[in-house]
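Participant: Provided below for reference: sequence and predicted model.
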Amino acid sequence: MIKIAIVEDEVMYANQLQDYLKQYEKENGELFEIAVYTDGDEIVHKYRSQFDIILMDVEMKFMDGMSAAEEIRKVDSEVVIIFITNMPQYAIRGYAVDALDYVLKPVSYFAFSQRLSRAIGRMKKRETKNISVNVKGGTIRLDVANIYYIESQGHNLIFHTASGEYEAPGTMKEVEDKLGKLNFFRGNKGYLINLTHVEGVQESCALVKGEQLLLSRARRKDFMEALTCYWGEVVK
């Protein structure tokens, strides 16, 4: 499911965008979860990187779309932003907040669907490199390359990363299903290890950023085969 925010203070346009999204869903087999905000300050308040795409009106009463985008970019570098405006000169300013595109009012379905397809394409490419993790107080995006390993503790997961540790509810199977194709491998029932950060294997332990992670007898052979295969691909 793709999470989309509409930030638009004109009811007519907000309704039109929702109708366009529903039409796009039917035509392209996508599934959207849509939230509507009537001003920039509404979406900025307690923003937690919860959206994949934001359709942002530029001219609004309390906080304009450009200012809202600047605030959002301080905490979320990945969300795809498309500006909705009747002033094409805002397209140039949009580069400053890494906006993907803009749609001119009055909005035609054809122009809108083209921009939306481009946004979904960018978002899906990023999905292979980032995962969203529900932590206490909200959601964060983690760059997969910066995850060293994931540890299971009861009903929670501890993400050990370059920027620190993050605790989130979940099971090892759920996260393994997400990351198994991205060079992550189970060392034992309690650790999912990013092979990119394995520095070596010593005394039945994988060495990861100075830590020794025990490899269980049942998984050791498969882990070594996966690691050897990965190292071989890196050398090539």
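Facilitator: All right, it came through fine.

Participant: Which helix or strand in this structure has the lowest average pLDDT?
Facilitator: The helix or strand of the chain with the poorest confidence is helix 90-94; it has a mean of 59 (mean pLDDT, DSSP states H and E).

Participant: next helix or strand past that helix?
Facilitator: strand 101-104 (DSSP states H and E).

Participant: Okay, buried residues for that following strand please.
Facilitator: 101, 102, 103 (16 or more other Cβ atoms under 10 Å). Every C-beta, even on glycine, is put in place using the N, C-alpha and C of the backbone.

Participant: From those, pick the one nearest residue 129.
Facilitator: Using Cβ to Cβ, residue 101 comes nearest to residue 129 of the buried residues of strand 101-104, at 20.9 Å.

Participant: Tell me the spatial nearest neighbour of that closest one, not counting adjacent residues.
Facilitator: Ranked by Cβ to Cβ, 6 or more residues apart in numbering and with sequence neighbours excluded, the top spatial neighbour of residue 101 is residue 115, at 4.7 Å.

Participant: List the contacts of the one helix or strand that neighbour maps to.
Facilitator: Here residue 115 sits within helix 109-127, counting by DSSP H and E. Helix 109-127 has contacts (Cβ atoms under 8 Å, 6 or more residues apart in numbering) with 2, 17, 20-21, 23-24, 27-28, 30, 52-53, 78, 80, 82, 100-104.

Participant: Phi and psi next, for residue 199.
Facilitator: Dihedral pair for residue 199: phi -90, psi -20, per degrees, to the nearest 10.

Participant: again, but for residue 8
Facilitator: Main-chain torsions, residue 8, degrees, to the nearest 10: phi -150, psi 130.

Participant: Please apply the same query to residue 133.
Facilitator: phi -120, psi 130.

Participant: Check the spacing between the residue nearest to residue 226 when sequence neighbours are not counted and residue 202 real quick.
Facilitator: Distance criterion Cβ to Cβ, 6+ apart; nearest residue to residue 226, sequence neighbours excluded, is residue 185 at 4.6 Å. According to Cβ to Cβ, to the nearest Å, residue 185 and residue 202 sit 17 Å apart.

Participant: In terms of packing, which of those two has more residues around it?
Facilitator: Shown here are residue 185 and residue 202; by other Cβ atoms under 10 Å, residue 185 has more neighbours (24 against 9).

Participant: what's across from that one in the sheet?
Facilitator: On the basis of DSSP bridges, residue 185 is bridged to residue 193.

Participant: is it true that it touches residue 227?
Facilitator: Yes - taking Cβ atoms under 8 Å as the definition, residue 185 is a contact partner of residue 227 at 7.3 Å.

Participant: Show me whatever sits in contact with both of these two.
Facilitator: By Cβ under 8 Å, 6+ apart, the residues touching both residue 185 and residue 227 are residue 195.

Participant: Show the pLDDT at residue 231.
Facilitator: If you check residue 231, the pLDDT there is 80.

Participant: Number of residues surrounding it?
Facilitator: 12.
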